[in-house]
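In: sequence and predicted structure are below.
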Amino acid sequence: MKIDQVLLTQIRNYLDEMMYALVDLRMSFELGPSPTGFPRFQQLQQIIHRLDPAHQVLFRLFRLGEAVDGTSVRNSIPEKVLESMLAVGILQKLGNGELRTPSLLIVPVDGLLLFVGIPQSYPTATQPCNTWFDLSSYVVARALPGSLAKQRVLDVCSGSGLQSLFCAARGATSVVGLELNQEAVSTAQANAILNGLEQNVEFRQSDKLAALRNDEIFDFIVCNTPYAPVINGSRAPSTLEEIGNSVLLEILPGLVSHLSQNGHGILASWRAIGSQTSTYQMEFVAAKLENAGCSTFTFIDQAPDNAESVLRILQTDLEQRARMQPFQAAEMTRGVKDLLQNSAHKMDGFYNQLIYFRKGKLASANAQRAVCGLAAPVRVGVAS
Ligand SMILES: C[S@@+](CC[C@H](N)C(=O)[O-])C[C@H]1O[C@@H](n2cnc3c(N)ncnc32)[C@H](O)[C@@H]1O
């Protein structure tokens with residue numbers, strides 16, 4: 001994507017005039033929540049067909065990722081805006097005269113408009129999703145503090161830049177987003193301009209914390225690290241806490257060394273194995289943070305996953321790795337299955353968790369380590 005302030009601002013002004021975010025919200029009233037963070041494709045397609053022609057074109061292109069015939073596009077989108085979309089690269093012309101986005105949708109999130117990758121669940125996805133976005137993105141964004149005035153922020157695994165941009169909008173003096181995928185870095189830079197927040201935000205291509213200087217210190221850190229792949233390297237995990245989030249576990253020591261004296265942050269981790277609203281990973285992470293002088297408060301929520309679904313995700317991910325043979329992927333998956341089956345530890349399911357941490361003491365809890373969550377619904381008996 002071309003990072004050009006004039007072109008991106010022109011596109012944003014057009015989307016605002018078309019009330020893109022408002023129309024999207026109105027459609028969402030009829031769509032209901034979806035576990036992926038994206039509306040179900042066919043349902044959305046039906047609703048979009050009830051819009052006026054210009055909004056139909058816009059939402060088919062940038063909410064569904066569909067190809068649209070050139071005449072309809074030219075009749076709907078002003079020539080200058082269309083030129084900007086082509087020049088930036090969010091639209092391209094196909095051989096048959098149709099236009100479509102190569103890989104990016106435009107999603108409104110609480111006042112922001114974001115370019116994000118087309119999810120793999122959509123039939124219009126033609127390439128791997130390089131700019132990640134899903135339900136977890138919304139969840140972590142909701143957990144951000146209301147004000148970050150005068151704070152220096154670090155966003156590890158920044159993806160589309162959603163959390164970084166919220167932090168900038170909430171007054172952070174500077175935000176550094178670190179992201180492995182170069183395409184996501186470019187998209188996040190474009191998103192910063194699209195939302196007028198580029199002044200204080202810098203996105204760097206980085207494997208974990210590699211692009212940080214030793215002397216860079218932050219007052220607030222947010223990490224929504226990848227939960228698939230669930231395992232790093234080519235060794236099957238030997239402990240339960242290792243199943244679920246390899247990147248987070250590796251960056252923990254480095255994170256605290258970049259945290260200011262009264263610094264705080266949020267770590268998200270998904271599909272961690274545990275029992276009765278406590279997970280082995282949360283205990284491990286909390287203990288590491290405590291050793292470094294932090295207190296933690298964790299929100300734990302039962303995940304819809306089970307051992308079969310987690311093993312399936314793991315094997316699919318391993319099979320897609322460039323240097324892994326199918327038999328190696330199967331062997332590693334078997335190793336994880338054995339660990340789950342033979343561990344002496346109690347397990348009753350997988351949990352999602354959001355860990356809030358602060359150097360020193362928490363204002364909200366007496367204990368150094370506190371947990372909250374929503375218990376599974378209680379069945380109420382009906383008298384006969
Ligand atoms: C779950 S997504 C979160 C993205 C974004 N923060 C959000 O909430 O929408 C995880 C992100 O981590 C990135 N990632 C994966 N491995 C990484 C690594 N070793 N270092 C930095 N980023 C990485 C992925 O490309 C992906 O964008």
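Out: Thanks, I have the structure now.
In: can you name the residue of the chain nearest to the ligand?
Out: With C-beta to the nearest ligand atom, the shortest gap between the chain and the ligand falls at residue 159, namely 2.5 Å. To be clear about C-beta, it is placed using only N, CA and C from the backbone, and glycine gets the same treatment.
In: in contact with the nearest residue to that residue once chain neighbours are set aside, which residues are there?
Out: Spatial nearest neighbour of residue 159, excluding adjacent residues (C-beta to C-beta, 6 or more residues apart in numbering): residue 132 at 4.3 Å. Contacts for residue 132 (C-beta atoms under 8 Å, 6 or more residues apart in numbering) come out as 116-117, 159-160, 181, 184, 226.
In: and those, which of them are in strands?
Out: Assigned to strands by DSSP state E, the following of these qualify: 116-117.
In: show me which of the contacts of residue 132 are buried.
Out: Buried members of the contacts of residue 132, scored by 16 or more other C-beta atoms under 10 Å, are 116-117, 159-160, 181, 184, 226.
In: Throw those into TSV and include pLDDT, thanks.
Out: Output for these, formatted as TSV (pLDDT from 0 to 100):
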residue	pLDDT
116	98
117	97
159	97
160	98
181	95
184	97
226	86
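In: residue 227 contacts residue 249, doesn't it?
Out: No. Using C-beta atoms under 8 Å, residue 227 is not in contact with residue 249; the gap is 11.9 Å.
In: so between these two, which is more surrounded?
Out: Using other C-beta atoms under 10 Å, the more surrounded residue of residue 227 and residue 249 is residue 227, with 22 against 19.
In: which of the helices or strands spans residue 318?
Out: helix 307-320 (DSSP states H and E).
In: that helix and the ligand, any residue contact?
Out: No. Using C-beta under 6 Å from any ligand atom, helix 307-320 stays clear of the ligand, with a minimum separation of 11.6 Å.
In: in that helix, what counts as buried?
Out: Quick answer for helix 307-320 (16+ other C-beta under 10 Å): 307, 310-311, 313-315, 317-318.
In: let me see the contact set for the residue of the chain closest to the ligand.
Out: Residue 159 makes contact with 131-133, 137, 179, 184, 188, 224 under the criterion C-beta under 8 Å, 6+ apart.
In: before we move on, what about residue 295?
Out: Contacts of residue 295 (C-beta under 8 Å, 6+ apart): 289, 357-358, 360-362, 365, 368-369.
In: with residue 75 instead?
Out: 53, 57.
In: tell me how far it lies from residue 53.
Out: Shown here: residue 75 relative to residue 53, a distance of 7 Å by C-beta to C-beta, to the nearest Å.
In: tell me what the next helix or strand after the helix holding residue 318 is packed against?
Out: Counting by DSSP H and E, the next helix or strand C-terminal to helix 307-320 is helix 326-342. Judged by 3 or more C-beta pairs under 8 Å, 6 or more residues apart in numbering; DSSP states H and E, helix 326-342 is in contact with helix 307-320.
In: enumerate the residues of the stretch 51-200 of the chain near the ligand.
Out: Applying C-beta under 6 Å from any ligand atom, we find that the stretch 51-200 of the chain lies next to the ligand at 132-133, 136-137, 140, 157-160, 162-163, 178-181, 184.
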